[in-house]
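In: Provided below are the primary sequence and the corresponding predicted coordinates.
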Amino acid sequence: MAARSWIPVVALLAGCATQGEAPPPAHPVDGVKKVIDSLGDEVVQRLATAPFRNLPVVVRSTGTTGTGLEPVVAELLRTRLVERSVPVDAACGARCMEVTLQEFAADSPSGFTLSPGQVLGVVGGNIPIVGGVVRGIGEQAKEKERAARRATGFIVTFAAREANRYTARANIVVISSAGNATVAPEAK
């Protein structure tokens, strides 16, 4: 009889143990979607400010075609902006707002919570998480150890251009993935 009295307690404890577990990591596509949404909002906000007002947008990627996410994100951002009725040009003519994407991967500092689609301001040229940018392919064994703290994203430069002269520049960082981060579901 005493053994049977433990069954409900064990079942209750087993149920409690599973409630505290973290949800599964977000799918990379969800992170890219959040990046596109955040960047689209950021471009529209910048176009409402004096240095960028009434300029057509040119989205550039610093990466070469077929490598990394930069070309994919650039193309998806162009499409999203056109859908939002933002004038998007293929190349900068006399005047434009250049949006340049530079992909990066870095170790997140401890105590710094990041999530896909998060936009970080760059103040005085200091980017808070880009300290250990990965530079070589030979670090694969170390990369597996640091994967839980790994953050990837894009350094985004907004530049108002008139011919070959920049009249305004601003930078942000947009996070595309952060370790085992999850993406919050969209509000409907």
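Out: Okay, I see it.
In: relative to Thr62, how far out is Ala163?
Out: Distance of Ala163 to Thr62, computed by Cβ to Cβ, to the nearest Å: 21 Å. For the C-beta atoms, the positions are set from N, CA and C on the backbone; glycine is no exception.
In: settle it for me: which of these two has more neighbours?
Out: For the pair Ala163 and Thr62, the greater number of neighbours falls to Thr62 (15 against 8), based on other Cβ atoms under 10 Å.
In: what about stretch 59-66, average pLDDT?
Out: For stretch 59-66, mean pLDDT is 77.
In: do the same with stretch 115-132
Out: 65.
In: how about stretch 76-94?
Out: pLDDT averaged over stretch 76-94 gives 94.
In: compute the first-to-last residue distance for stretch 107-119.
Out: Using Cα to Cα, to the nearest Å, one end of stretch 107-119 lies 17 Å from the other.
In: how about the longest helix belonging to the chain: buried residues?
Out: Criterion DSSP state H: the longest helix present in the chain is helix 28-47. Of all the residues in helix 28-47, those buried under the rule 16 or more other Cβ atoms under 10 Å are 30-36, 38-40, 42-43, 46-47.
In: what do you get for stretch 92-112?
Out: Neighbour counts using 16+ other Cβ under 10 Å place 92, 96-108 of stretch 92-112 among the buried residues.
In: all strands of the protein, in order?
Out: 57-61, 95-107, 119-121, 150-162, 165-178 (DSSP state E).
In: out of the ones you listed, flag the one nearest Arg84.
Out: strand 57-61 (10.4 Å; Cβ to Cβ).
In: what's that closest one packed up against?
Out: helix 70-83, strand 95-107 (3 or more Cβ pairs under 8 Å, 6 or more residues apart in numbering; DSSP states H and E).
In: give me the residues contacting that strand.
Out: 43, 47, 70-71, 73-74, 77-78, 81, 86-92, 96-101 (Cβ atoms under 8 Å, 6 or more residues apart in numbering).
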